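Prediction below, plus the sequence it came from.
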Amino acid sequence: MSLSQAQKKAFRSIGHHLNPVVTVSENGVSENLLAELNRALTDHELIKVKLALPERDDRAAMIAELIANSRADLVQTIGKMALLYRRNPQVNPKLSNVTRFENHHGRH
């Protein structure tokens, strides 16, 4: 699934206020990390991932691996943070960051 520019803009606005729920260290991608990533995407749809890697190329490779393994869409990367989205048709509205914040768009 490819996101439109309008969807990405709305998701970036929501994602700005999120805290990272998954942290990837220099140890790389493990089964436990993928399980946690998939659980977070299933519950929240839109999540922030922290990449604790010093090299930009290593972070880019890690993001590509996470996207390939989770079937998520990359919304944005800034520094050591990546914003990922994967739609869940049976999402719990109380857990989904997209549903909970869809009308906020950064305005308080």
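Perfect, I can see it now. Numbering: from 1, shown residues only.

where's the most centrally placed residue in the chain, which helix or strand?
Centroid-nearest residue in the chain, with Cα atoms, centre = their mean: residue 84, separated by 2.4 Å. Using DSSP states H and E, residue 84 falls within strand 81-85.

For the residue nearest to the centre of the chain, give its distance to residue 3.
Using Cβ to Cβ, to the nearest Å, residue 84 is found at 11 Å from residue 3. C-beta: built from backbone N, CA, C; applies to glycine.

same question, residue 92
Residue 92 is 22 Å from residue 3, by Cβ to Cβ.

Name the residue in these two with the higher neighbour count.
Taking neighbours as other Cβ atoms under 10 Å, residue 92 and residue 3 compare with residue 3 leading, 15 against 11.

so what's the more buried one closest to, chain neighbours aside?
In space, and not counting its chain neighbours, residue 3 is closest to residue 73: 5.3 Å by Cβ to Cβ, 6 or more residues apart in numbering.

I'm done for today, thanks for sticking with me.
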